[in-house]
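J.: The sequence and its predicted three-dimensional model are supplied below.
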Amino acid sequence: GAGVSQSPSNKVTEKGKDVELRCDPISGHTALYWYRQSLGQGLEFLIYFQGNSAPDKSGLPSDRFSAERTGGSVSTLTIQRTQQEDSAVYLCASSFFDQPQHFGDGTRLSIL
Amino acid sequence: GENVEQHPSTLSVQEGDSAVIKCTYSDSASNYFPWYKQELGKRPQLIIDIRSNVGEKKDQRIAVTLNKTAKHFSLHITETQPEDSAVYFCAHQGGSEKLVFGKGTKLTVNP
């Protein structure tokens, strides 16, 4: 079946604008994760959704970042009033409960 | 309590040699330890994982060992090939259910 799908694959925007990044997980997967990867760096956890439970938002770096997951499937990560340090690749992953996570190709975000 | 330290940050080996990457964690509740391979510009891909009830797992040229007492786990790649060149990330998952990743090891296999 289809893997984790993310859109857009690339996004260039001006500082101060809001952006929305989309993640479509593997069908049937209960858990969905967002990570951020800066150039040449590791994976920084942002937020985690599991079923109908309250999301774990402990990794969100500021209140400009928010995410939602509608209907237990598609998720949107929103960054308001973007800043240059937000430039990174944003990766989404999904899993079935505590089974291995599968990653999407990511969205490369560039803030001018 | 959730951090994981990964060493070395870079590793260069000759084709055919073995490569070993080590990770140390501190969360005693951690019970799942995956390893991901990320080629340049591509998504991380799971290559092997181990759960805390097992000390070693092998898949062809790749093996992972886990020492829960010492809180460290290692990735072993034997008979390395140029296509093994990539960044490798260890991770662990504990009671919070989120994966905590190491900072990565850039492996270069020289032909």
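T.: Cool, got the structure. Numbers count the residues shown, from 1 in each chain, chains lettered A, B, ... in the order given.
J.: What residues does chain B have near chain A?
T.: For chain B, the contact set with chain A under C-beta under 8 Å from any C-beta of the partner chain comprises B:32, B:34, B:36, B:42-46, B:49, B:89, B:91, B:93, B:96-104. (Glycine included, C-beta is placed from N, CA and C.)
J.: can you do 6 Å?
T.: B:34, B:43, B:44, B:46, B:49, B:98, B:101, B:103, B:104 (C-beta under 6 Å from any C-beta of the partner chain).
J.: Counting neighbours, what do you get for the fourth one?
T.: As a burial measure, the neighbour count of residue B:46 was computed by other C-beta atoms under 10 Å in any protein chain shown and equals 15.
J.: on that earlier part again, turn the residues of chain B next to chain A into CSV, columns for secondary structure, pLDDT and distance to residue A:6.
T.: Converted to CSV, the residues of chain B next to chain A look like this (DSSP: H, G, I helix; E, B strand; the rest coil; pLDDT from 0 to 100; distance: C-beta to C-beta, whole Å):
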residue, secondary structure, pLDDT, distance to residue A:6
B:34, strand, 95, 20
B:43, coil, 94, 9
B:44, coil, 94, 13
B:46, strand, 95, 17
B:49, strand, 95, 23
B:98, coil, 79, 19
B:101, strand, 90, 18
B:103, coil, 91, 23
B:104, coil, 94, 21
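J.: which of those residues count as buried?
T.: Burial by neighbour count, 16 or more other C-beta atoms under 10 Å in any protein chain shown: within those this picks out B:34, B:43, B:44, B:49, B:98, B:101, B:103, B:104.
J.: In this structure the fifth one contacts residue A:50, no?
T.: No: at 9.6 Å, residue B:98 and residue A:50 do not qualify as touching, with contact defined as C-beta atoms under 6 Å.
J.: Go ahead and flag the most central residue of chain A.
T.: Centroid-nearest residue in chain A: residue A:34, 3.5 Å away (criterion: C-alpha atoms, centre = their mean).
J.: and that residue, what are its bridge partners?
T.: Beta-bridge partners recorded for residue A:34 (DSSP bridges): residue A:47, residue A:92.
J.: Adjacent strands (with direction) for the helix or strand bottoming out on mean pLDDT in chain B?
T.: Least confident element among the helices and strands of chain B, by mean pLDDT, DSSP states H and E: strand B:99-101 (a mean of 87). Here strand B:99-101 is paired, per DSSP bridges, with strand B:86-93 (antiparallel).
J.: I'd like the average pLDDT over the partner strand.
T.: On average, the pLDDT along strand B:86-93 is 94.
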